[in-house]
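> no sequence on hand, only this structure:
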Ligand code: PMV
């Protein structure tokens, strides 16, 4: 029975906004780092049974999640395919607010293609994973990854590819914050922002500039420029969401304390920069030899529940 493993990734230049919700096409490109120490493992076994079944960390998935996964399998093998029994486990909790959909759909894409006998190129796999979740396109690849949008004969297409020539190694310290409210999911949050935020066009223009500058800074191992872009890009994404009507606020009090602490650490000489996805958790990017000091400092911040660390991970792959 095919089983695949994929890691989540953290975006340094964020994806926030779709140009085509039906095809799940992003309105702009994005850039991320794949994270080695976190993973999702998913097995897909074809079975003569009336419906697909899915367990996540040993528990039966909700009907909403199961239906999303069924639609995804239809993309792989068509609606009249043999049904599948799927088991998925992660070494980080789904509710922790980390982008588990990236590793989940990257692992599922790889395992499902193997189960249904579909042989896809890495680009096609990335496009498939993107249909499940935009950030999953990036988890097909390891290390630094960029999403590209291209015009083809069939229309617009978006897929990830690895970035070559980066000379800097970044590790991540992931500070998990106890959330008081249920988060607004990324699809809902992006769509509401696109429809109502007066800053959305400016956000999309900023992404194009930040992407070009990030690639140069990664090649030149220029941490000072990287930290300016990474923090500015994350804050601009949140400013876009906050300016929606009604505004979406993902931050918790601890999120702001973490931002301040990471800036203090940088002022004291450590190379650390923060980024924040669609939730209250804060990820610090740091040099490999400094990530433990950064993680220890973040663990002391009031409201932080746990701090995980990770180096760069590999792309999604079959493990069984
Ligand atoms: O892959 P999605 O649809 O869950 O969107 C991810 C959105 C962010 O995590 C906020 C940004 C990103 O680029 O990962």
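All right, it came through fine. It should be emphasised that the depicted structure is a prediction, and the values quoted were computed from it without experimental measurement. Residues are numbered from 1 along each chain as shown.
> residues from the stretch 101-250 of the chain in reach of the ligand?
Within the stretch 101-250 of the chain, the positions near the ligand by C-beta under 6 Å from any ligand atom are 101-102, 133-135, 186-187. Where C-beta positions appear, they are placed from N, C-alpha and C, glycine not excepted.
> who wins for most neighbours among these?
Neighbour counts for these, by other C-beta atoms under 10 Å, peak at residue 102, which reaches 32 neighbours.
> tell me if residue 246 really is in a strand.
No. Going by DSSP: H, G, I helix; E, B strand; the rest coil, the assignment for residue 246 is coil, not a strand.
> against residue 32, how distant is it?
Look at residue 246 and residue 32: by C-beta to C-beta, to the nearest Å, they are 29 Å apart.
> go on, residue 194?
Distance of residue 194 to residue 32, given as C-beta to C-beta: 21 Å.
> settle it for me: which of those two has more neighbours?
Taking neighbours as other C-beta under 10 Å, residue 194 and residue 32 compare with residue 32 leading, 28 against 20.
> what about that one, is that helix, strand or coil?
Under three-state DSSP, the three-state class of residue 32 is strand.
> that one reaches residue 136, doesn't it?
No. Using C-beta atoms under 8 Å, residue 32 is not in contact with residue 136, being 10.9 Å away.
> OK, contacts around residue 74?
Counting by C-beta atoms under 8 Å, 6 or more residues apart in numbering, residue 74 touches residue 81.
> which stretches of the stretch 151-300 of the chain have low pLDDT?
Along the stretch 151-300 of the chain, segments meeting pLDDT under 70 span 180-181.
> so where do the helices sit in it?
Taking DSSP state H, counting those that start in this stretch, the helices of the stretch 151-300 of the chain run over residues 186-196, 200-220, 223-242, 253-267, 291-299.
> out of those, the one nearest residue 28 is which?
In terms of C-beta to C-beta, the element of those nearest to residue 28 is helix 200-220, at 4.3 Å.
> which parts of the closest one are buried?
For helix 200-220, the neighbour count (16 or more other C-beta atoms under 10 Å) marks 200, 203-204, 206-207, 210-211, 213-215, 217-218 as buried.
> and those, which is closest to the ligand?
Ranked by distance to the ligand (C-beta to the nearest ligand atom), the buried residues of helix 200-220 are led by residue 207 at 9.9 Å.
> setting aside sequence neighbours, what's the nearest residue to the closest one?
Leaving aside its sequence neighbours, residue 207 sits nearest to residue 28 (C-beta to C-beta, 6 or more residues apart in numbering; 4.3 Å).
> the one you found - how many residues pack around it?
22.
> also residue 78?
By other C-beta under 10 Å, neighbour count at residue 78 equals 9.
> use 38 as the first number from now on
Got it, first residue is 38 now, which makes that one residue 115.
> please enumerate the helices of the stretch 38-187 of the chain.
Under DSSP H, counting those that start in this stretch, the stretch 38-187 of the chain gives helices at 100-114, 137-152, 159-169, 173-176.
> dump those to CSV, plus mean pLDDT.
Below are these laid out as CSV (pLDDT from 0 to 100):
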stretch, mean pLDDT
helix 100-114, 96
helix 137-152, 96
helix 159-169, 98
helix 173-176, 98
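> reformat those helices as TSV; add distance to residue 329.
Listed next are those as TSV, based on distance: least, C-beta to C-beta, whole Å:
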stretch	distance to residue 329
helix 100-114	35
helix 137-152	24
helix 159-169	32
helix 173-176	25
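> just name the most buried of these.
Greatest average neighbour count among the helices of the stretch 38-187 of the chain goes to helix 173-176 (a mean of 33), per mean count of other C-beta atoms under 10 Å.
> touching that helix from outside, list them.
For helix 173-176, the surrounding residues in contact (C-beta under 8 Å, 6+ apart) are 43-46, 48, 67, 69, 71, 138-143, 146, 163-164, 166-167, 182-184, 195-197, 352-353.
> which residue is the nearest non-sequential neighbour of residue 174?
In space, residue 174 is closest to residue 167, 3.6 Å off (C-beta to C-beta, 6+ apart).
> enumerate every residue touching the one you found.
If a contact means C-beta under 8 Å, 6+ apart, then residue 167 has 61, 63, 173-174, 184, 195-197 as its contacts.
> please compute how far stretch 44-56 lies from its chain's middle.
Relative to its parent chain, stretch 44-56 has a centroid offset of 5 Å by C-alpha atoms, centre = their mean, to the nearest Å.
> first-to-last residue distance for it?
One end of stretch 44-56 sits 26 Å from the other (C-alpha to C-alpha, to the nearest Å).
> quick one: is it near the ligand?
Yes. Counting by C-beta under 6 Å from any ligand atom, the ligand has neighbours in stretch 44-56: 48, 51-53.
> these in strands, which ones?
The strands, defined by DSSP state E, take in residue 48 from these.
> can you give me the pLDDT of residue 133?
As predicted, residue 133 sits at a pLDDT of 51.
> again with residue 357
At residue 357, the pLDDT value in this model is 80.
> so how far is the ligand from it?
As judged by C-beta to the nearest ligand atom, to the nearest Å, residue 357 and the ligand stand 26 Å apart.
> thanks a lot, catch you later.
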